[in-house]
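**Student:** Whatever this is, show me its structure:
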Amino acid sequence: MSTPLTQTRFSILDRSRVRQGQSHPEALRETVEFARLAERWGYHRFWVSEHHSVPGVAGSAPTVLAAAIAAVTDRIRIGTGGVMLPNHQPLVVAEQFGTLESLFPGRIDMGLGRSVGFTDGVRRALGHGKQDAGDFDAQLTELLDYLSVGRAGVHAWPAEGLTVPAFLLAVGSGAERAARFGLPLVIVAAGGEDAMVAAIEQYRTDFRPAPGREEPYVIVSASVVLADSREQAHRLLLPEAWSAAYSRTRGEFPPLISPAQIAREPMTDRQRGLFEESLRGHIHGTEDTVLPELERLVARTGAEEILVHTSTFDRAARLESHRRLAEAVIAPAIAGAR
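**Tutor:** Residues are numbered from 1 along each chain as shown. Model prediction:
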């Protein structure tokens, strides 16, 4: 019998997180190998991200990394979660994704966001300051136009006329914008689950169909960790939570460190509070606890897809978590389809 989970697609977002003692090139090569495993396990998509001048994240050139991943995989969809459009000219973005789609037809996703650099220095290096919503709307319109027709005689070869699905990452007014442009919505419960559900409901209500995008489509991004016990799963979450607290108090997102080292790290009261806050909202534990939580999330949001984003210091444990999740929710769906 089918359940909401067996009717839900599962995908992966990987940020190429760097671990203490590891180089950025090593982290990128791990991402490529991770994608090969994700395809073997049956995940629907594998997306990479864009971060600039971040010590703890190697993923700075998502379309280049996507090309490397697509070249060593055969079926899984490859994309970005996402390309930060304010950092680029729409023409160049269209050309890059047109090139990817030309080389790997039917497998490329164009996930887009509007975040800019983490610090003022990075923003200056990228050639801009904070942009307003009108700027982003204009950029998004221009990019989508390049995929269908030329603008004022400018053609984004080889993108023009190709089908490259666009997705919009929801930050702030992102859900409203996705509805207005008729784009699939990618949303995370950053402001709490109630706020996320309200945004999704409004998105579905306000959705305006566009050519090739007739129905709303919701992807919920969630941190999911499976282990032999809830305590083990909780321990795997500690490095990312510590890194998040460190970044918010020191202005730099560091490489991941081990839970044992975290236990020795001194924290101010503010850092401790941010650390504890960062540990909330994750779906973690054994299959007996994780699957019901996923069922509830899908039922409450109506999500067509779950995009799993999970970072740990223990690489082997993270891979095992994704393998177990695939075995629990993807393998039954494949068996049912047969």
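
**Student:** Past the strand or helix carrying F136, which element shows up next along the chain?
**Tutor:** Using DSSP states H and E, F136 maps to helix 133-148. Using DSSP H and E, the next helix or strand after helix 133-148 towards the C-terminus is strand 166-169.

**Student:** Pull out the CA atoms of that next one and give them to me as PDB.
**Tutor:** Backbone C-alpha positions of strand 166-169 (Å, rounded to 0.1, in the frame of the first residue of the first chain) are rendered in PDB as follows:
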ATOM      1  CA  ALA A 166      13.800  26.800 -13.000                       C
ATOM      2  CA  PHE A 167      13.300  26.600  -9.200                       C
ATOM      3  CA  LEU A 168      13.200  29.500  -6.800                       C
ATOM      4  CA  LEU A 169      14.700  29.200  -3.300                       C
END
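
**Student:** In its sheet, which strands sit next to that strand, and in what direction?
**Tutor:** strand 108-113 (parallel), strand 185-188 (parallel) (DSSP bridges).

**Student:** next SSE after the last one?
**Tutor:** So that's strand 185-188. helix 193-206.

**Student:** Which secondary structure elements does that following helix sit against?
**Tutor:** Counting contacts by 3 or more CB pairs under 8 Å, 6 or more residues apart in numbering; DSSP states H and E, helix 193-206 is packed against helix 174-181, strand 185-188, strand 218-222, helix 287-301. C-beta: built from backbone N, CA, C; applies to glycine.

**Student:** Include distance to A94 and mean pLDDT when you put the ones you listed into JSON lines, please.
**Tutor:** JSON lines is the format used below for the helices and strands packed on helix 193-206 (distance: least, CB to CB, whole Å; pLDDT from 0 to 100):
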{"stretch": "helix 174-181", "distance to A94": "15", "mean pLDDT": "94"}
{"stretch": "strand 185-188", "distance to A94": "20", "mean pLDDT": "94"}
{"stretch": "strand 218-222", "distance to A94": "22", "mean pLDDT": "96"}
{"stretch": "helix 287-301", "distance to A94": "31", "mean pLDDT": "96"}
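
**Student:** can you put those in CSV and add mean neighbour count?
**Tutor:** Compiled in CSV, the helices and strands packed on helix 193-206 are given as follows (neighbours: other CB atoms under 10 Å):
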stretch, mean neighbour count
helix 174-181, 21
strand 185-188, 24
strand 218-222, 24
helix 287-301, 16
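
**Student:** excluding its backbone neighbours, what's nearest P259?
**Tutor:** L238 (4.6 Å; CB to CB, 6 or more residues apart in numbering).

**Student:** That neighbour looks like it's in a strand, true?
**Tutor:** No. Under DSSP: H, G, I helix; E, B strand; the rest coil, L238 falls outside any strand and is assigned helix.

**Student:** for it, what are its contacts?
**Tutor:** With contacts defined as CB atoms under 8 Å, 6 or more residues apart in numbering, L238 is in contact with P259, I262, L279.
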